[in-house]
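>>> Here is the input, now give the coordinates:
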Amino acid sequence: MAEAYAASDDIAGAEKALTEAKRLIPYDRAIYTKLADVYFRQGKLAEAVAQLEELASHYEERQQLDRALEMLEYALKLAPSHISLSSRLARMQLRRGYLDKGVEGLVRAAELQRKAGQLKDAVASLQEAAQVYWTLSDHEHARQLYDKIVQIAPNDIDARQWLALMYTLTARTPEAIAEKKQIARIFAQQRDYDNAIAELHQVIGLDQSDHDAYYLLGDMLMRREEFTQAVQLYNRMLKMDGIEIARVQALATAAQRMLAQRQR
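Model (predicted):
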């Protein structure tokens, strides 16, 4: 009957007939897909997607994942910009073991989330995709995704920490150092000088001749009012090759003056 209504372009009649058929024969694939098509033809996109997601949930509860995937893929063809649907499909593909498709889906969902202003969700999607690559020891693809993350959320310290680690693992020390310096600057903006100092010590551990790291470290020590340590640092810097002697002497004098005022 529903098909007769549809053939005669009585879409409303087809909808009514299919809704009744759905009540009488629950979770029949043909009924759900035809009802989704009828809704879609009426411009009721949300209702069309809901039918397919409902059937997908039914299949998922019964561990019929391939059938669930089929319904979600069909739904995404109807609504390719549907954010939650994209995320759900990608995660089910990962669950089913279709790693390449799942990762691609998460990246696509992240882009939709970014465009919609859902930046935290976009970051979470990319982190999930990166974790898959990380588990597979594909550090380069994981790093590329973390590059995307820091573009979306430049002050995300956790993402930059992971990115620095990946640079270190792939022997890209200059890039790792650059990330750690940026992390230190973000900590400084947050007035978290302890963590900023810890990052800079790591940078110096990677490259003991990095003058910029020493200057940043001195600045952090001064901000934390660790004047004794600042003086010691500047005196150490004066013995380094290629250092700006006049600049460091001026900084050392300032640190000594602040130390002397404190000791009065």
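
>>> Of all the residues in the helix or strand hosting Tyr215, which ones are buried?
In the assignment (DSSP states H and E), Tyr215 maps to helix 211-223. Across helix 211-223, burial judged by 16 or more other C-beta atoms under 10 Å covers 211, 213-222. From N, CA and C alone the C-beta is placed, and that goes for glycine too.

>>> Would you reformat those as TSV and include pLDDT and distance to Gln144?
Listed next are those as TSV, based on pLDDT from 0 to 100; distance: C-beta to C-beta, whole Å:
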residue	pLDDT	distance to Gln144
His211	96	30
Ala213	97	26
Tyr214	97	32
Tyr215	97	31
Leu216	96	28
Leu217	97	31
Gly218	96	35
Asp219	96	32
Met220	96	31
Leu221	96	36
Met222	95	38
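
>>> just to revisit the earlier point, what packs against the helix holding Tyr215?
helix 173-189, helix 193-206, helix 227-237, helix 245-263 (3 or more C-beta pairs under 8 Å, 6 or more residues apart in numbering; DSSP states H and E).

>>> Let's have the ones you listed in JSON lines, adding mean pLDDT and mean neighbour count.
Formatted as JSON lines, the helices and strands packed on helix 211-223 follow (pLDDT from 0 to 100; neighbours: other C-beta atoms under 10 Å):
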{"stretch": "helix 173-189", "mean pLDDT": "96", "mean neighbour count": "19"}
{"stretch": "helix 193-206", "mean pLDDT": "96", "mean neighbour count": "18"}
{"stretch": "helix 227-237", "mean pLDDT": "95", "mean neighbour count": "19"}
{"stretch": "helix 245-263", "mean pLDDT": "92", "mean neighbour count": "14"}
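
>>> now these in a markdown table, with distance to Ala17?
As requested, the helices and strands packed on helix 211-223 are exported to a markdown table (distance: least, C-beta to C-beta, whole Å):
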| stretch | distance to Ala17 |
| --- | --- |
| helix 173-189 | 60 |
| helix 193-206 | 65 |
| helix 227-237 | 81 |
| helix 245-263 | 83 |
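
>>> so which of those helices gets nearest Thr135?
helix 173-189 (21.3 Å; C-beta to C-beta).

>>> and the closest one, how far out from the chain's middle?
19 Å (C-alpha atoms, centre = their mean, to the nearest Å).

>>> Give me the residues contacting it.
155, 157, 160-161, 163-165, 167-168, 193, 195-197, 199-200, 202-203, 206-207, 210, 212-213, 216, 219-220, 223 (C-beta atoms under 8 Å, 6 or more residues apart in numbering).

>>> In contact with the closest residue to Ala254 other than its chain neighbours, which residues?
Excluding its sequence neighbours, the residue lying closest to Ala254 (C-beta to C-beta, 6 or more residues apart in numbering) is Met222, at 7.6 Å. For Met222, the contact set (C-beta under 8 Å, 6+ apart) comprises 230, 254-255, 258.

>>> Helices along the stretch 1-150 of the chain, start to end?
2-7, 11-24, 29-41, 45-61, 65-78, 83-96, 99-115, 119-135, 139-152 (DSSP state H, counting those that start in this stretch).

>>> Please list all residues in contact with the residue nearest to Leu99 when sequence neighbours are not counted.
Of all residues not flanking Leu99 in the chain, Val132 sits nearest, at 5.9 Å (C-beta to C-beta, 6+ apart). Contact partners of Val132, counting by C-beta under 8 Å, 6+ apart, are 94, 99, 102-103.

>>> now the helix holding Tyr215, how far from the centre of its chain.
Worked out by C-alpha atoms, centre = their mean, helix 211-223 lies 30 Å from the chain centre.

>>> Could you do stretch 94-110 as well?
Offset of stretch 94-110 from its chain centre (C-alpha atoms, centre = their mean): 14 Å.

>>> got it, and stretch 140-148?
10 Å.

>>> So what touches that stretch?
With C-beta under 8 Å, 6+ apart, stretch 140-148 has contacts from 107, 110, 126-127, 129-131, 133-134, 159, 162-163, 166-167, 170.

>>> Contact partners for the closest residue to Ala68 other than its chain neighbours?
Nearest residue to Ala68, sequence neighbours excluded (C-beta to C-beta, 6+ apart): Tyr59, at 3.9 Å. Tyr59 sits next to 65, 67-68, 71 when contact means C-beta under 8 Å, 6+ apart.
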